[in-house]
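# Kindly generate the corresponding structure for this input.
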Amino acid sequence: KIKLASAKFERVSSRKTCQMSSENITTQFSFDTLIHSSVDETLKTLGSESGSFGNFQLYKNYLFLTQGINGLHIFDITDYHLVSHIDSPIFTNEFEEEVVDWIREIEIAEPYAYVGTDKNGILVYNINDIKNPKYLAKFQIGSDLDEDKDSNVNNLYEVRQIELHPSKAIAYVANTTNPANDFRILDTSDPLHISELSRFRLSMIPTQTITTSTSADEVLHPNRYVNDFFIEYDNDKVYAYLASWENGLIVVDITNTGQPKYITSITYENQRFTGSVVIQKFHQKKYAFVNDESFLSNVTVLNVSDI
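Predicted structure coming up:
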């Protein structure tokens, strides 16, 4: 739970911007409540060892909830006090039976749903008919089955996060496919034929900013990838704040979608694994709330007003 109206900040794991006050909260429910409010017995397995909850999206009167190996679930939330499950898990293992996929992400731009997976890149669906989503296309480069998968830096099939621009046909993607481990900007003007505009690789970080304990060659280590990001639209500027695990917080100017520009890297006390980040403005100052997913599980607040 995130309560920005409170003076006490607890662990934050969601990347979504929350701008609310206590009086605007109409109802609250935990995943356990959501699960057991449904008459569908299959939902009792949700949250078990076979899968964990990931991202969610609200669309009209529906909640789309990703659940890893168990696919993606859709709930009718017309009545918040009587949440009903529409169908059994979907969007999983449709393409290659020998590959067990993992559904991490869902972003919606009516009438399309962009689904981020671990093995099949980005799947595009038409969701005009909520009860019968129609598969349209797949954006994927390379495959987990390729013999050269560990050497092809162009690969994109393991997608950690997707965010759509609010007014342009642009998608921002955290690509955790080894050895790429990059942040990509995609053109979604034709959802059936998504194309790449540019990418920011961790190897683009200037060598002088790398700590003494980290060599330039180690920047592409699997523990140094874009785990999460936050996109800030600041007047005519657009910035990406990348939570990059052992690299800490990386700030990139992505105003020019064809040429991302590195700005700075930020490390902080007790920083181990920077897992997620949220940017929020308070009293004309700008702060980054970064969640470190080490055993400390702490949230660090950074003043990033001068960036």
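# residues near the closest residue to Thr117 other than its chain neighbours, how many?
Of all residues not flanking Thr117 in the chain, Asp101 sits nearest, at 5.0 Å (CB to CB, 6 or more residues apart in numbering). In this view, the C-beta of every residue, glycine as well, is placed from N, C-alpha and C. Neighbours of Asp101 under the rule other CB atoms under 10 Å: 22.
# And for Glu293?
18.
# backbone phi and psi for the closest residue to it other than its chain neighbours, please?
Closest residue to Glu293 apart from its sequence neighbours, by CB to CB, 6+ apart: Gly275 at 3.5 Å. Phi and psi for Gly275, reported as degrees, to the nearest 10, are phi -100, psi -30.
# same deal with Lys119?
phi -120, psi -20.
# gap between it and Asn256?
32 Å (CB to CB, to the nearest Å).
# Those two: who's more crowded?
More crowded of Lys119 and Asn256, by other CB under 10 Å: Lys119, with 20 against 12.
# Hmm, the more buried one is touching Asp146, no?
No - the criterion here is CB atoms under 8 Å, and Lys119 misses it with Asp146 at 11.7 Å.
# Looking at the residue nearest to Asn298 when sequence neighbours are not counted now. What's its pLDDT?
Of all residues not flanking Asn298 in the chain, Asp292 sits nearest, at 5.4 Å (CB to CB, 6+ apart). Looking at Asp292, its pLDDT is 83.
# The chain should start at 500 in everything you say after this.
Right, with 500 as the first residue, what we last looked at is Asp791.
# residues contacting Asp791?
769-774, 797-799 (CB atoms under 8 Å, 6 or more residues apart in numbering).
# Which strand residues bridge it?
Beta-bridge pairing of Asp791 under DSSP bridges involves Thr773.
# if I look at it, how far off is Thr763?
19 Å.
# got it, and Asp752?
From Asp752 to Thr763 the distance is 10 Å (CB to CB).
# Same check on Leu663?
Taking CB to CB, one finds Leu663 at 26 Å from Thr763.
# Pick out whichever of those two has more residues nearby.
Neighbours per residue, other CB under 10 Å: of Leu663 and Thr763, the larger number sits with Leu663, 18 against 14.
# Go ahead and confirm that one touches Tyr613.
Yes - between Leu663 and Tyr613 there is a contact under CB under 8 Å: 7.1 Å.
# Between those two, which contacts overlap?
Joint contacts of Leu663 and Tyr613 (CB under 8 Å, 6+ apart) are 606-607, 670, 687.
# For Tyr558, state which of those residues is nearest.
Ile607 (4.9 Å; CB to CB).
# could you point out which element follows the helix or strand hosting the closest one?
Assigned by DSSP states H and E, Ile607 falls within strand 602-608. Next in sequence after strand 602-608, counting helices and strands by DSSP H and E, comes strand 611-616.
# tell me what that following strand is packed against?
Identification of packing neighbours for strand 611-616 by 3 or more CB pairs under 8 Å, 6 or more residues apart in numbering; DSSP states H and E yields strand 602-608, strand 621-625, strand 658-663.
# Tell me how far that strand lies from the chain's centre.
11 Å (CA atoms, centre = their mean, to the nearest Å).
# who does it pair up with?
strand 602-608 (antiparallel), strand 621-625 (antiparallel).
# got the angle for it vs strand 658-663?
160 degrees (axes from the mean of the first three to the mean of the last three CA atoms, to 10 degrees).
# Quick check: next helix or strand after the helix or strand of the chain with the lowest mean pLDDT?
Least confident helix or strand, the chain: helix 530-535 with a mean of 44, by mean pLDDT, DSSP states H and E. Sequence-wise, the next helix or strand downstream of helix 530-535 (DSSP H and E) is strand 555-558.
# tell me which strands and helices whichever helix or strand comes after that next one is in contact with?
Later in the chain than strand 555-558, the nearest helix or strand by DSSP H and E is strand 561-565. Applying 3+ CB pairs under 8 Å, 6+ apart, we find strand 561-565 packed against strand 555-558, strand 571-575, strand 602-608.
# which parts of the last one are buried?
Taking 16 or more other CB atoms under 10 Å as the neighbour-count basis, strand 602-608 is seen to contain the buried residues 602-607.
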